[in-house]
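*Asks:* no sequence on this one, just coordinates:
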């Protein structure tokens, strides 16, 4: 999971005396995690501890095994950096910790079992890294739990993703069928309960069949699935939906149009499917689906012919918009991350992934970050250095709004929620408002005050659940949206 550089510890000495200059005191961010001593999902992710930009910078923080740790930037020479980690007042005889000293090119693991002083030397430091360190610093991360609980947390997180991995209902391995296995469902419900304080109510998983003529072009389908990905989107945004789709009539036929790339789905990319076909595929994949009709005033503004022409002529068949996936979630440098981690983890994960599996990094962030620094063909590490030379941290780079109309190497890029907004925008529904559709996540979409909460629901929807303001079409769980539903003007 972690990439270790070829650096070595040159010296380890014991010195329990404090330095003359007082370090800056930092809190133990691990304590912000509920049930922080137990192996909860996502708790295997290391926690940011400190970052040091200049020689002499020094920080102090408590941790699981030591009441006091002091990390300092000791020295920078032509091609190496020396840092010091001091550990004091051990909390338990058998306790040990693993710390990670990180730049975009180095991940140095420091195992600490005894209190004392440890000198860490990072060798082969390039000019790019020196430029990076001026803005981003050398970052220190630590694990909040011991080895056993960290592995347990990793496995519990893995359970949330392992299942529903194919669209063949007769696949030999049940994990590669489209439906969500029970253990996977349970793992995702725990994630929602822990991070979103939300436990959806169960319902009979039937398709509510009503006259499809009740559906108008532009009406919205809000969707969730207990598949790891949707709950991750939900906890990132604090919402209750992980996927989006739009209904439209074309040549007398009702279609669902969407940007989709699920391994459980027969088709990928920006696509249209007949209402009946879509319902069947969604049901097999254990979608929870609710229909949100547009308000009459927005339906009247919407030019469906113009929007459909844009769909058919310009975007149908394009691949799913992975390039703007991250940017629908992160709008600010530091305030869009769930409490189990911090913004600094993004740079750590991006750089590690780029070293372990570059195609995945390229798909999600490398090309888009190149555009943000006005370059092409740079690696993540080179982008971070170039951004530093421009006076920007990676966190600030990610927070730059994603501009609609950017043509990536595989064309225009729209994730599901971005596509829905772009479709309405092309139909003139937002008038002269300046809207970047590529900045919208699922919660951003259903929070817009464009939906009719008081529409006349078909009797079949009322019989299924009279308390919902919308019409739930299917799902094992009641898709009850939060208080932000249709509130933002």
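*Replies:* Nice, thanks for sending it over. Bear in mind that the values here come from a model prediction, so they are computed numbers and not experimental data. Residues are numbered from 1 along each chain as shown.

*Asks:* in the longest helix out of those in the chain, what counts as buried?
*Replies:* Among the segments of the chain that qualify as a helix by DSSP state H, the longest is helix 182-196. Using 16 or more other Cβ atoms under 10 Å as the test for burial, helix 182-196 gives 184, 185, 187, 188, 189, 190, 191, 192, 194, 195, 196. Any C-beta I mention is one placed from the backbone N, CA and C, and that applies to glycine too.

*Asks:* for the residues you listed, which one is nearest residue 460?
*Replies:* Relative to residue 460, the closest of these is residue 185; by Cβ to Cβ it sits at 25.9 Å.

*Asks:* if we can go back for a sec, can you put the buried residues of helix 182-196 in CSV and add pLDDT?
*Replies:* Compiled in CSV, those are given as follows (pLDDT from 0 to 100):
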residue, pLDDT
184, 97
185, 97
187, 97
188, 97
189, 97
190, 95
191, 95
192, 95
194, 92
195, 91
196, 91
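
*Asks:* one step back: and the longest helix of the chain, what other elements does it pack with?
*Replies:* Using 3 or more Cβ pairs under 8 Å, 6 or more residues apart in numbering; DSSP states H and E as the contact criterion, the elements in contact with helix 182-196 are helix 147-159, helix 229-237.

*Asks:* what do you get if the cut-off is 6 Å, keeping everything else the same?
*Replies:* Counting contacts by 3 or more Cβ pairs under 6 Å, 6 or more residues apart in numbering; DSSP states H and E, helix 182-196 is packed against helix 229-237.

*Asks:* which element follows the helix it packs on toward the C-terminus?
*Replies:* strand 243-250 (DSSP states H and E).

*Asks:* Identify all contacting residues around that following strand.
*Replies:* Counting by Cβ atoms under 6 Å, 6 or more residues apart in numbering, the neighbours of strand 243-250 from elsewhere in the structure are 215, 217, 219-221, 223, 255-258, 308, 416-417, 420, 423, 442, 445.

*Asks:* what lines up beside it in the sheet?
*Replies:* On the basis of DSSP bridges, the sheet neighbours of strand 243-250 come out as strand 220-224 (antiparallel), strand 253-260 (antiparallel).

*Asks:* Helix 229-237 and that strand, what's the angle between them?
*Replies:* Between the axes of strand 243-250 and helix 229-237, defined by axes from the mean of the first three to the mean of the last three Cα atoms, to 10 degrees, the angle is 110 degrees.

*Asks:* Quick one: mean pLDDT for strand 243-250?
*Replies:* The pLDDT scores in strand 243-250 average 98.

*Asks:* if we can go back for a sec, okay, the buried residues of helix 182-196 in TSV with distance to residue 285 next?
*Replies:* Below are the buried residues of helix 182-196 laid out as TSV (distance: Cβ to Cβ, whole Å):
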residue	distance to residue 285
184	13
185	13
187	17
188	14
189	17
190	21
191	19
192	18
194	24
195	23
196	22
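
*Asks:* Now stretch 403-419: buried residues?
*Replies:* 404, 408, 411, 412, 413, 414, 415, 416, 417, 418, 419.

*Asks:* scratch that, stretch 109-121 is what I was asking about
*Replies:* Under the neighbour-count criterion of 16+ other Cβ under 10 Å, stretch 109-121 has 110, 112, 115, 116, 117, 118, 120, 121 buried.

*Asks:* Which of the residues you listed fall within strands?
*Replies:* When these are checked against strands (DSSP state E), the matches are 110, 112, 116, 117, 118, 120, 121.

*Asks:* ok, so of those, who is nearest residue 301?
*Replies:* Comparing these against residue 301 with Cβ to Cβ places residue 110 closest, at 59.6 Å.

*Asks:* Could you verify my assumption that the closest one touches residue 99?
*Replies:* Yes. Counting by Cβ atoms under 6 Å, a contact exists between residue 110 and residue 99, whose distance comes to 4.5 Å.

*Asks:* At which residues are the strands of the stretch 251-400 of the chain located?
*Replies:* Residue ranges of the strands in the stretch 251-400 of the chain, as given by DSSP state E, counting those that start in this stretch, are 253-260, 269-274, 288-292.

*Asks:* Among those strands, show me which one is buried the most.
*Replies:* Taking mean count of other Cβ atoms under 10 Å as the contact definition, the stretch among the strands of the stretch 251-400 of the chain with the greatest mean neighbour count is strand 288-292, which reaches a mean of 24.

*Asks:* neighbouring strands for that one, and are they parallel or not?
*Replies:* Strand partners for strand 288-292, identified by DSSP bridges, are recorded as strand 220-224 (antiparallel), strand 471-474 (antiparallel).

*Asks:* where does this structure dip in pLDDT?
*Replies:* Applying pLDDT under 70 to the predicted model, the residue ranges of the chain that meet it are 1-20.

*Asks:* 50 instead?
*Replies:* Across the chain, the stretches falling below the confidence threshold (pLDDT under 50) are 1-19.

*Asks:* if we can go back for a sec, relative to residue 328, which of the strands paired with strand 243-250 is closest?
*Replies:* Using Cβ to Cβ and comparing the strands paired with strand 243-250, the one that lies nearest residue 328 is strand 253-260, at 11.5 Å.

*Asks:* Assign a three-state SS to residue 84, would you?
*Replies:* Three states are possible here, and by DSSP: H, G, I helix; E, B strand; the rest coil the one that applies to residue 84 is strand.

*Asks:* ok, and for stretch 39-56, which residues are buried?
*Replies:* When neighbours are counted by 16+ other Cβ under 10 Å, the buried residues of stretch 39-56 are found to be 39-52.

*Asks:* What is the neighbour count of the closest residue to residue 242 other than its chain neighbours?
*Replies:* Setting aside the residues directly before and after it, residue 242 is nearest to residue 230 in space (Cβ to Cβ, 6 or more residues apart in numbering), at 2.6 Å. For residue 230, the tally of surrounding residues (other Cβ atoms under 10 Å) stands at 22.

*Asks:* just residue 99 next, same as before
*Replies:* Using other Cβ under 10 Å, residue 99 has 23 neighbouring residues.

*Asks:* okay, the buried residues of stretch 39-56 in a markdown table with secondary structure and distance to residue 126 next?
*Replies:* Converted to a markdown table, those look like this (DSSP: H, G, I helix; E, B strand; the rest coil; distance: Cβ to Cβ, whole Å):
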| residue | secondary structure | distance to residue 126 |
| --- | --- | --- |
| 39 | coil | 38 |
| 40 | coil | 38 |
| 41 | coil | 37 |
| 42 | coil | 33 |
| 43 | coil | 34 |
| 44 | coil | 31 |
| 45 | coil | 28 |
| 46 | coil | 24 |
| 47 | strand | 28 |
| 48 | strand | 23 |
| 49 | strand | 24 |
| 50 | strand | 23 |
| 51 | strand | 19 |
| 52 | strand | 18 |
